[in-house]
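1. Just the structure for this:
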Amino acid sequence: MEPYNLTLTKNLRHELHMHPELSNEEVWTKQRLIDFLKDHTHLEIVDKGKWFYAIHWAKEAKKNIAFRADLDALPIAETIDVPHASKFSGVSHKCGHDGHSACLAGFALEIDQKGSDKNIFFLFQHAEETGDGAAQCVSLVKENHIEEIYAFHNMSGMALNTVHVIDGTAHCASKGMSIHMEGTPAHASQPEDGVNPSFAMAKIIQAIPEFTSREKNNGEVLCTVVQVDIGERAFGVSASKGNLLLTIRAFYEEELDQLQKNFENFSLELSAQYGLKTSFSYNDTFPETVNHKESSDKIRYACQKKGLQLGEMKEAFRASEDFGHYLKETKGAICYIGNGEDYPPIHTVEYDFRDEMIETAVELFKGLAEL
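-> Model prediction:
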């Protein structure tokens, strides 16, 4: 990577870090990246509202290829002492999306200056953390006939600057499930006069081990209780309504769907038994992220070509990633660049994206663009 481009990219990363924005609120971040690309490249910019992409047009393009970076930050306060610390209370880039965006912009600079025999689309996506972004941005793939798409995520617990890859499932599918149950209130001294949802909700929670049992599923299936909210702080009243919030997760998307149906059916059975009204709602829905082996192999080859250290992942991450939406529409893969084996994990207060990784990410992307 050119030293001039590397300095620009690092400075951009620090700017983005100082101005973190939550999912679907990335207004300043998006505009700063657009301005950066307009100031330093001749790329075409396509503004899509909450997100945008830039395009390098080749004279005689061999194919259309895309690279994605995410923009959003997290609702975590910045407590570490760094010169580029977050200026916004309670919000910070503790997942490294500032680094992802800066790396993609740095890669764009390199392609703009040196050219490519492919049409390259640089996709800057909003709202990865909530799963909203890729579901909206996937239109890029269809409208522009994208033949391959790539992304990387920084990851702690892996040797610094080592690229890790896996064939097949890289991230589990998941969604937030809310079960709302409503009965009728009664005086606390005469609970039999009302309908209290507590007993039904308790039985749902007790059913979790059965529904997620490894003996009943082909892959890993998980359910995490996120919140139980029943009744009010009123000791004279028997609770009459409540919400049970679960995060359901599975290695296979079809088993996630089955887990959801199991909870819905069991909840409705209990509702009929106890005389409750029950409804369901869903948030933060993520598909399974399944790498195409052909694309994973290209990441391996690009690492070999660029002299980058390569590691093989033995199993998928339980955590979800909305990049899976793209991989349902075209070939591609996501890989991981190590922050260091003992580096603070992402989504923790001690974490900050490591600038040393910028050149690794850019060179990896350049290697993929050259294949």
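
2. I'd say Lys87 and Met18 touch.
-> Yes - when contacts are counted by CB atoms under 8 Å, Lys87 is listed as touching Met18 (5.2 Å). From N, CA and C alone the C-beta is placed, and that goes for glycine too.

3. Just want to know which of these two has more residues nearby.
-> It is Met18, of Lys87 and Met18, that has more neighbours when counted by other CB atoms under 10 Å, with 18 against 12.

4. Contacts only, for that one.
-> 84-87 (CB atoms under 8 Å, 6 or more residues apart in numbering).

5. Settle this for me: Glu21 is touching Val27, isn't it.
-> Yes - using CB under 8 Å, Glu21 is in contact with Val27, at 6.7 Å.

6. List phi and psi for Lys241.
-> Main-chain dihedrals, Lys241, degrees, to the nearest 10: phi -150, psi 160.

7. Contact partners for it?
-> Counting by CB under 8 Å, 6+ apart, the residues that Lys241 touches are 180-183, 197, 230-231.

8. avg pLDDT for stretch 246-261?
-> The predicted model assigns stretch 246-261 a mean pLDDT of 98.

9. now stretch 84-93
-> Averaged over stretch 84-93, pLDDT sits at 98.

10. need the next SSE after the one helix or strand His17 maps to, C-terminal direction.
-> Under the criterion of DSSP states H and E, His17 resides in helix 3-18. Of the helices and strands lying after helix 3-18 in sequence (DSSP H and E), the nearest is helix 27-40.

11. Direction included, what does the next helix or strand after that following helix pair up with?
-> Once the chain leaves helix 27-40, the next helix or strand it forms, by DSSP H and E, is strand 44-47. Using DSSP bridges, strand 44-47 pairs in its sheet with strand 52-56 (antiparallel).

12. I'd like the average pLDDT over the partner strand.
-> On average, the pLDDT along strand 52-56 is 98.

13. Name every strand pairing with the next helix-or-strand element following that strand and say which way it goes.
-> As assigned by DSSP H and E, the chain's next helix or strand after strand 52-56 is strand 64-70. Paired neighbours of strand 64-70 in the sheet (DSSP bridges): strand 119-125 (parallel), strand 148-156 (parallel).

14. Return the distance of strand 64-70 from the chain's centre.
-> Using CA atoms, centre = their mean, to the nearest Å, the distance from the centre of strand 64-70 to the centre of the chain it belongs to is 15 Å.

15. Give the other helices and strands that the next helix or strand after that strand contacts.
-> Counting by DSSP H and E, the next helix or strand C-terminal to strand 64-70 is helix 97-114. Identification of packing neighbours for helix 97-114 by 3 or more CB pairs under 8 Å, 6 or more residues apart in numbering; DSSP states H and E yields helix 3-18, helix 27-40, strand 52-56, strand 64-70, strand 119-125, strand 148-156, helix 357-370.

16. And for the fifth one, what's in contact with it?
-> I take that to be strand 119-125. With contact meaning CB under 8 Å, 6+ apart, strand 119-125 is reached by 30, 33, 37, 43, 51-58, 61, 63-71, 101, 104-105, 107-108, 111, 133-134, 137, 140, 144, 146, 149, 369.

17. A PyMOL selection for these, restricted to the buried ones, would help me check which they are.
-> Typed into PyMOL, the next command selects the buried ones out of the contacts of strand 119-125 (criterion: 16 or more other CB atoms under 10 Å):
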select buried, resi 30+33+37+43+51+52+53+54+55+56+64+65+66+67+68+69+70+71+101+104+105+107+108+111+133+134+137+140+144+146+149+369
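
18. which residue is nearest the middle of the chain?
-> Taking CA atoms, centre = their mean, the centroid of the chain lies closest to Glu321, which sits 3.5 Å from it.

19. Name the nearest residue to Ser23, sequence neighbours excluded.
-> Closest residue to Ser23 apart from its sequence neighbours, by CB to CB, 6 or more residues apart in numbering: Ala127 at 3.9 Å.
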